[in-house]
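Undergrad: have a look; sequence and predicted model below, questions after that.
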Amino acid sequence: MRYASVVVDVPAKGTDKLFDYEIPNKFAGVIQPGMRVIVPFGSRKLTGFVVQLKNETDIDSVKPIHSLFDPEPVLNHELLELGAWLSETTLCYKITAFQAMLPAAMKTRYIKEIKPSSSAQLEDLPEEIRTAFEKGGPLSWEDLPSSLVAVVQKEIRNGNLQIDYRVEQKQKKRLVKYVKPLLPVRELEEQLQHLPARAHKQKEVIQFFIDHPNPILLTELTNSIQGASIAVKALIKKGILTEEQVEIYRDPYEHKQFPRTKPLPLTDEQKRAMEPILDKLNRHEHEVFLMYGVTGSGKTEIYLQAIEKVLNEGKEAIVLVPEISLTPQMVQRFKSRFGSQVAVLHSGLSSGEKFDEWRKIYRKEAKLVVGARSAIFAPFQNIGIIIIDEEHETSYKQEESPRYHARDVAIYRGKYHQCPVILGSATPTLESFARAQKGVYTLLTLKERVNRRPLPEVHIVDMREELRNGNRSMFSRTLFEKLTDRLKKGEQSVLLLNKRGYSSFVMCRNCGHVIGCPHCDISLTYHRHGEKLKCHYCQFETAMPSRCPECGSEHIRFFGTGTQRIEEELNRLIPEARVIRMDVDTTSRKGMHEKLLNAFGEKKADILLGTQMIAKGLDFPDVTLVGVLSADTMLHLPDFRSGEKTFQLLTQVSGRAGRHELPGEVVIQTYTPEHYSIQLASLHDFETFYRQEMKMRKSFAYPPYYFLILITVSHPNAIKAAEVTEKIGQYLKLHLSNEAQILGPVSSPIPKMKDRYRFQCMIKYKREKNLYKTLKLLFEHYEEDMSQTDLKLMIDLNPYTIL
DNA sequence: AGCACGCCGACT
DNA sequence: GTCGGCGTGCTC
């Protein structure tokens, strides 16, 4: 093959196509589809993905491929096709789709350097440039002092300097510094005498090496001797110590022990659910199963046994778990059963760790991947089963381009590999449950908890009533009594604060002014750490003012109910209770999540207080009480799924109580106790909830009866944004069928973000033959506007949050 | 995206 | 007459 078609690394409209390059003789037979190559592109060098090889090209001025970037293809045939499909169905650039399938560490970095051209006489160069070169090799364009820019440009024109474009992989090999003495102990003792009297630190370091003459990690050394790194540097200079960079293999779980577990005996119900899966596995056929099983019904054991069968046949398995429930407990269950065959991918890993886990999969050292959304792109060749646990979780939908849903990708891959896909949940999405009702998916039902433990008893507390009775605290009397009761019995409680829509904004109690972000139309959130106000949408942050910027009053304070405030109130009401608080603030540091959960598991605390992150997957035997402090905070969000989300959250969190010997109880505090989402969650009645919610969806033409598309238009000028949105609405009315409903334009729920005004319109449709074509045409129609006037168009097919 | 090319005003 | 501002259009 003489030519290669390449998708170049420029995410833009004009470059979202294939560019043909000649394959130089030296690469003949080496270059294959799925490989990344470095190609000349205009005056630069870029990486690109080879997508096909061919013997003909229509282009008359083909350039040759410069070099290989990977020794082997990084995307196999299936993933190349999947990328093309993703870019079509989510309307993203091909390069964006390809990049989404690789770990971030494999993204490329472009370096622009200035160096003397081969023909240049160094003496001809101006003094200031020559000295810069003498100091240290080529100059990077980025940190060229602005005073030199003009001179450099002139010399480039004169042909004395040239720009060198280099391509590098962002991934850094993990290097650690080891320090060791260059001299034997005897000589070290001698050196100790020769050091200046005031070099205390250096003496301390040498003494350390006299006691322990072996190489030591620099970080470990600085742990035992504070500020040792400066002394070490000095000692290296003196030739007493030496340092060594060693590349280490990153294994986030290397120090963990995972006792092996054996398959548990299945209940009759589990066996019945297992059968159709095994049948499909044996026949090597594709099928989507919706496994609807109440919390604690043993879904995971079914996953484990199905996976075991797949692995025994020499095939691979993918298990997706929502990010927040990718807890150590969950990972442990898989590692314990399958040991080193498991690769784990989640956001808690560093990009290098993710890269190494990815390579384990690529090199077939791992046969099973357990991971968050993007793990669906694991580079396996022979997948035997794909499992999506907690199928209803919104984190499976990516909110940036490519706006894909992991479930759709899973089904695509399941078809390709002719293998079953299992969607598991105690509270399936209405979309999936409706498909199961229609027979598109096969429904598997688990109604009983393993060992027949009853579901916990749920009490709904009307907080309006509490207020009328003079209780103004965040804790109802019922909840308070039950909390103190658990404390007496030595049992544990979990308290959930549903923080969404409740963030702690800052308001002036005198004039009612709320401090907002100057760039985005939302209120700033108070962070106690450093007394700061931060914007959730842009990076803006500012100090907490002591006076109201509007009226100058000192009565300005943060409102809303953060976990911190609850913790304070808890400490006041029940001072003897030991509380662990889990929220973004306390878990942002790496490993804290695990640490806090372990502490709770070891009963170092009586109450676990947290946000959504504690709702899922936790399994502690002594938790007998779950309290939901305010069930309706998300019920009133302007989102048609708010009822569904409330039902899901309440059901999930209730499932945390009484999972073992001790029976559990749940207290739900709410201001709208009559709402069906809350009522039915308290009765653990998903099926009635499903029917009720489906009626609502039908009458308002929402999914699953209709599909949605959200088009968001943003522009620095509000009028322009509104105008364009209006025109888009008209355009769509003209080009889509009469069956489609076009709503809007309306101001986006976040009307202004990063100094851009946002308007949106929504399309509801059932079937549209020319949908993708029309949307693509829409993009082209506004192309000039987009480049000329800084207009941005965002199209989200099947949006998950319309917020 | 980034870069070259090209056309206009400001200045040595 | 040259330098440098940014609008325009292309990149195999």
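TA: Cool, the structure landed.
Undergrad: would you map the strands across the stretch 301-450 of chain A?
TA: According to DSSP state E, counting those that start in this stretch, the stretch 301-450 of chain A carries its strands in the segments A:316-320, A:342-345, A:368-371, A:383-388, A:420-425, A:442-446.
Undergrad: weakest of the ones you listed by average pLDDT?
TA: Note on the strands of the stretch 301-450 of chain A: lowest mean pLDDT is at strand A:342-345, with a mean of 93.
Undergrad: contacts for it next, please.
TA: Applying CB atoms under 8 Å, 6 or more residues apart in numbering, the contact partners of strand A:342-345 are A:252-253, A:326, A:331, A:334-335, A:354, A:357-358, A:360-361, A:366, A:368-372, A:374-375, A:378. C-beta: built from backbone N, CA, C; applies to glycine.
Undergrad: list the residues that contact the residue positioned nearest the centre of chain A.
TA: Centrality entry for chain A: nearest residue to the mean C-alpha point is A:Ser347, 5.6 Å, by CA atoms, centre = their mean. Each residue near A:Ser347 by CB under 8 Å, 6+ apart is listed here: A:Glu323, A:Ala372.
Undergrad: now the phi/psi pair for it, please.
TA: According to degrees, to the nearest 10, the main-chain angles of A:Ser347 amount to phi -70, psi -10.
Undergrad: got the strands of the stretch 301-450 of chain A as TSV, with distance to DNA strand C columns?
TA: Below are the strands of the stretch 301-450 of chain A laid out as TSV (distance: least, CB to the nearest atom of the strand, whole Å):
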stretch	distance to DNA strand C
strand A:316-320	36
strand A:342-345	34
strand A:368-371	35
strand A:383-388	34
strand A:420-425	38
strand A:442-446	46
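Undergrad: which stretch among those strands comes nearest A:Val10?
TA: With respect to A:Val10, and counting by CB to CB, the nearest of those is strand A:342-345 at 27.4 Å.
Undergrad: strands paired with that closest one, and their directions?
TA: Strand A:342-345 pairs in its sheet with strand A:368-371 (parallel), by DSSP bridges.
Undergrad: what lies in contact with the strand it pairs with?
TA: With CB under 8 Å, 6+ apart, strand A:368-371 has contacts from A:307, A:311, A:316-321, A:326, A:330-331, A:334, A:338, A:341-346, A:357, A:361, A:375, A:378, A:380.
Undergrad: again, 6 Å this time
TA: A:317-319, A:334, A:338, A:341-346, A:361, A:375, A:378 (CB atoms under 6 Å, 6 or more residues apart in numbering).
Undergrad: quick revisit: how about the strands of the stretch 301-450 of chain A in TSV, adding distance to A:Tyr93?
TA: As requested, those are exported to TSV (distance: least, CB to CB, whole Å):
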stretch	distance to A:Tyr93
strand A:316-320	25
strand A:342-345	24
strand A:368-371	24
strand A:383-388	26
strand A:420-425	27
strand A:442-446	36
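Undergrad: include distance to DNA strand B and mean neighbour count when you put the ones you listed into JSON lines, please.
TA: Formatted as JSON lines, those follow (distance: least, CB to the nearest atom of the strand, whole Å; neighbours: other CB atoms under 10 Å):
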{"stretch": "strand A:316-320", "distance to DNA strand B": "31", "mean neighbour count": "27"}
{"stretch": "strand A:342-345", "distance to DNA strand B": "28", "mean neighbour count": "25"}
{"stretch": "strand A:368-371", "distance to DNA strand B": "30", "mean neighbour count": "26"}
{"stretch": "strand A:383-388", "distance to DNA strand B": "33", "mean neighbour count": "26"}
{"stretch": "strand A:420-425", "distance to DNA strand B": "35", "mean neighbour count": "26"}
{"stretch": "strand A:442-446", "distance to DNA strand B": "44", "mean neighbour count": "19"}
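Undergrad: what about the spatially closest residue to A:Ala406 that is not a sequence neighbour, neighbour count?
TA: In this structure, A:Ala406 finds its nearest non-sequential neighbour in A:Tyr396, 4.2 Å apart by CB to CB, 6 or more residues apart in numbering. By other CB atoms under 10 Å, the residues close to A:Tyr396 number 25.
Undergrad: quick check: A:Tyr396 vs A:Ser432, distance?
TA: From A:Tyr396 across to A:Ser432, the span is 11 Å (CB to CB, to the nearest Å).
Undergrad: same question for A:Asn25.
TA: Distance from A:Asn25 to A:Ser432, counting by CB to CB: 53 Å.
Undergrad: looking at these two, which has the bigger crowd around it?
TA: More neighbours surround A:Ser432 than the other of A:Asn25 and A:Ser432, with 22 against 9 (other CB under 10 Å).
Undergrad: distance of that one from A:Thr90?
TA: 19 Å.
Undergrad: same question, A:Thr712
TA: On the measure of CB to CB, A:Thr712 and A:Thr90 end up 15 Å apart.
Undergrad: coming back round to it: out of the contacts of strand A:368-371, who's nearest A:Leu708?
TA: Closest approach between the contacts of strand A:368-371 and A:Leu708, by CB to CB: A:Ala375, at 26.3 Å.
Undergrad: residues contacting A:Lys280?
TA: Going by CB under 6 Å, 6+ apart, A:Lys280 touches A:Glu287, A:Pro420.
Undergrad: element containing it?
TA: helix A:268-283 (DSSP states H and E).
Undergrad: buried stuff in that helix?
TA: Across helix A:268-283, burial judged by 16 or more other CB atoms under 10 Å covers A:Glu269, A:Gln270, A:Ala273, A:Met274, A:Ile277, A:Lys280, A:Leu281.
Undergrad: can you redo these as JSON lines with pLDDT and distance to DNA strand C?
TA: JSON lines is the format used below for the buried residues of helix A:268-283 (pLDDT from 0 to 100; distance: CB to the nearest atom of the strand, whole Å):
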{"residue": "A:Glu269", "pLDDT": "95", "distance to DNA strand C": "59"}
{"residue": "A:Gln270", "pLDDT": "96", "distance to DNA strand C": "56"}
{"residue": "A:Ala273", "pLDDT": "96", "distance to DNA strand C": "53"}
{"residue": "A:Met274", "pLDDT": "97", "distance to DNA strand C": "52"}
{"residue": "A:Ile277", "pLDDT": "98", "distance to DNA strand C": "47"}
{"residue": "A:Lys280", "pLDDT": "97", "distance to DNA strand C": "44"}
{"residue": "A:Leu281", "pLDDT": "97", "distance to DNA strand C": "45"}
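Undergrad: TSV for these, including distance to A:Leu195?
TA: Below are the buried residues of helix A:268-283 laid out as TSV (distance: CB to CB, whole Å):
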residue	distance to A:Leu195
A:Glu269	75
A:Gln270	71
A:Ala273	73
A:Met274	72
A:Ile277	71
A:Lys280	74
A:Leu281	70
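Undergrad: contacts for stretch A:491-510 next, please.
TA: The contact list for stretch A:491-510, computed with CB under 6 Å, 6+ apart, reads A:483, A:486, A:514-515, A:523, A:525-526, A:548, A:551, A:553, A:555-556, A:558-563, A:566, A:606-609, A:611, A:622-630, A:633-634, A:637, A:653, A:656.
Undergrad: in the stretch 601-750 of chain A, which residue sits nearest DNA strand B?
TA: Here the stretch 601-750 of chain A gets closest to DNA strand B at one residue, A:Ser714, 14.3 Å apart by CB to the nearest atom of the strand.
Undergrad: give me the neighbour count for the closest residue to that residue other than its chain neighbours.
TA: Using CB to CB, 6+ apart and skipping the chain neighbours, the partner closest in space to A:Ser714 is A:Arg756 (4.2 Å). Residues contacting A:Arg756 under the criterion other CB under 10 Å number 19.
Undergrad: which residues touch A:Asp20?
TA: Contacts for A:Asp20 (CB under 6 Å, 6+ apart) come out as A:Tyr3, A:Ser5, A:Thr57, A:Ile59, A:Val62.
Undergrad: quick check: it is in a strand.
TA: Yes. A:Asp20: assigned to a strand according to DSSP: H, G, I helix; E, B strand; the rest coil.
Undergrad: spell out which parts of chain A neighbour DNA strand C.
TA: A:10, A:12, A:14-15, A:18-22, A:39-42, A:57, A:59, A:61-63, A:150, A:153, A:788 (CB under 7 Å from any atom of the strand).
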